[in-house]
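Novice: Provided below are the primary sequence and the corresponding predicted coordinates.
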Amino acid sequence: MSVHNARQIYATMTVEGKSSSVWSGEVVVNGWRLKDSGATLDALDAGTVPLDLFHAQDASVSRTITGLTVEQGWAGVGSDNDHEVTDGDKDAIATAILAYWNAIKSGIPDDYQLRDIRLYPVAGTDPATGDSPFRSGTAPDIYTPTAVNSGGTSGNWASPGLALAISTQSATRGPKGRGRWFYGPVTGLFGDNGLVNSGSATVLAGYAATMLNAIRAIGGTGSARYAPVIWHRGTDTASVISSVRIGDELDFQQRRRRQRPETYISQALT
């Protein structure tokens, strides 16, 4: 059984257009990077911190937790002591993300569904090349809904390329101290002036903070704790997320705009 070095957990939530929808196969992937803090959780005002070493070993286990089936590709290593990533810890991370989806899905079109939640152990930076591998060489844990888990609205909605940015902030100044993920496709967020209404922004910011706080609450005395962080690409450092922020204008994701070939209607001149 191979053992791999890791410096962070990369957690993803993938939502996709249903096969019955004109947006079939269109996907949005949200991702969060988590530091294994050991027994002492990094403070919210810590700013830039080193990503501590932990280990992941290959595994092949199928099991079920509430609302999710699990295809487990890795496990923590007991000799890591207070840095050991237990199966219970990983299940708690996935459960926090599932709770986030269940909270936000009332505003997501029912043309979309939660596909899966994945947890990757990510290797550190290669000291020789400066490269940062996406993962540590082992398979991810894949958490799949036990039943179809769709968005909750059938009303009019904006093109998936339009999305609401949920920004993360830290005590680190400058670009290294900021990150973001996206909420969308969006429905029902607008006031009469085309801006996102403050009530919706407040609710969505609360859902985001609740998820990140739930992850920070995992673990306890003598066991691993987990801090959501903003990774500094090409390094083994990150900034501890201390707050989330939502603006009153939508952003445009060009990558998502290209996922569906556009249908055109032409009219010849006479």
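Specialist: Received, thanks.

Novice: what residues are up against Val15?
Specialist: 27-30, 101, 108, 112-115, 151 (C-beta atoms under 8 Å, 6 or more residues apart in numbering). For the C-beta atoms, the positions are set from N, CA and C on the backbone; glycine is no exception.

Novice: in the stretch 151-270 of the chain, which spans are strands?
Specialist: 162-170, 178-183, 225-231, 237-246, 251-252 (DSSP state E, counting those that start in this stretch).

Novice: Leu189: which of these is closest?
Specialist: When the strands of the stretch 151-270 of the chain are compared by C-beta to C-beta, strand 162-170 sits nearest Leu189, at 6.7 Å.

Novice: List the neighbouring strands of the closest one plus their orientation.
Specialist: When pairing is defined by DSSP bridges, strand 162-170 lines up against strand 178-183 (antiparallel), strand 237-246 (antiparallel), strand 251-252 (antiparallel).

Novice: winner for burial among those?
Specialist: strand 237-246 (a mean of 21; mean count of other C-beta atoms under 10 Å).

Novice: which residues touch that strand?
Specialist: Under C-beta under 8 Å, 6+ apart, the answer for strand 237-246 is 8, 33, 35, 42-51, 164-172, 176-177, 179, 196, 201, 204-205, 208-209, 212, 227-232.

Novice: just the buried members of the residues you listed?
Specialist: Buried residues within the contacts of strand 237-246, counting neighbours by 16 or more other C-beta atoms under 10 Å: 8, 33, 35, 42, 46-49, 51, 164-166, 168-172, 176-177, 179, 196, 201, 204-205, 208, 212, 227-232.

Novice: so where is the chain shaky, pLDDT-wise?
Specialist: The chain contains residues with pLDDT under 70 at 1, 125-135, 254-259.

Novice: Where do the helices of it begin and end?
Specialist: Listed in chain order, the helices of the chain (DSSP state H) span 87-104, 198-216, 254-257.

Novice: Let me know how buried Asp82 is, in neighbour terms.
Specialist: Residues near Asp82, counting by other C-beta atoms under 10 Å, number 16.

Novice: residue contacts, the residue nearest to Gly76 when sequence neighbours are not counted?
Specialist: Spatially, and ignoring its direct neighbours in sequence, Gly76 is nearest to Val85 (3.6 Å; C-beta to C-beta, 6 or more residues apart in numbering). Applying C-beta under 8 Å, 6+ apart, one finds that Val85 lies in contact with 9, 36, 54, 56, 75-76, 121, 224.
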